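In: Pasting a predicted model and its sequence here:
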Amino acid sequence: MTDLTTDWAAPGTTVLDPKGRLALKMRAGQRLTIVDIKGQQVMDFIAAMVEDPDERLSAMFTRVSSGKWDLKEGYTIYSDRCRPMMRVVHDDNGIHNMTGGYCTQYSNAIRYGVLETWGCLDNLEGDWRELGLDVTKINPDQCISLFMNILHHPDGRMEIVEPTTRPGDKITLEILADLYVGLSNCPEEHNPCNAFHVTEMAVIVE
């Protein structure tokens, strides 16, 4: 159920602690900048339309609609109904995971044999609850992992490697429709996606 009393995001900067999260309700025309303060840190995010939260960001339809496998400056992010949601207007790094997905306690259990770890899904569910949205509607295709570096090998193997971001690298997204946005400063420490050391990230709303 949508909480219609949720305030619109005001301009300003928020520094997210390692493993932290942030929920935003943004108007079309605003800009959202993610800054990797210390370098080599991933930020997962999901989005949904304010007018109908069942219309969600889609990594798959972003690739299909743009004809691109990746996300770079000038590219557009689309919904699962192929409507524009965001446009990348600045990008210092140009490496992001567009295959969808997020870390969870379930995926960590099967991949690394560890139980009850905190993951991006936990953060994103917290964001959605804060916004008054249905957490059961969150799905892996709704997520883009900013600065996440995944190698796709000729033999079909997928390998997570350390991000190439340097301290201060940032990406800026222009909001093209009124959106709910959930951000997760990725908590994953069991693979190299955050160089095995989670750090702060800054979120700037304009």
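Out: That came through fine.
In: So which residues of the chain form strands?
Out: 12-16, 21-26, 31-36, 43-49, 76-78, 84-91, 96-97, 143-146, 149-152, 158-161, 169-175, 179-185, 201-205 (DSSP state E).
In: Mind telling me which residue is nearest the centre of the protein?
Out: Nearest to the mean C-alpha position of the chain, counting by Cα atoms, centre = their mean, stands F45 at 2.0 Å.
In: what packs against the helix-or-strand element of the chain with minimal mean pLDDT?
Out: In the chain, the helix or strand scored least confidently by mean pLDDT, DSSP states H and E is helix 105-112, which has a mean of 88. For helix 105-112, not one helix or strand is in contact under the criterion 3 or more Cβ pairs under 8 Å, 6 or more residues apart in numbering; DSSP states H and E. (C-beta placed from N, C-alpha, C; glycine too.)
In: What lies in contact with it?
Out: 114-119, 121-122, 188, 190-191 (Cβ atoms under 8 Å, 6 or more residues apart in numbering).
In: ok, of those residues, which one's closest to G74?
Out: The shortest gap between G74 and any of the contacts of helix 105-112 belongs to E188, at 28.8 Å (Cβ to Cβ).
In: Assess the claim that that closest one and G119 are in contact.
Out: Yes: with contact defined as Cβ atoms under 8 Å, E188 reaches G119; the gap is 6.9 Å.
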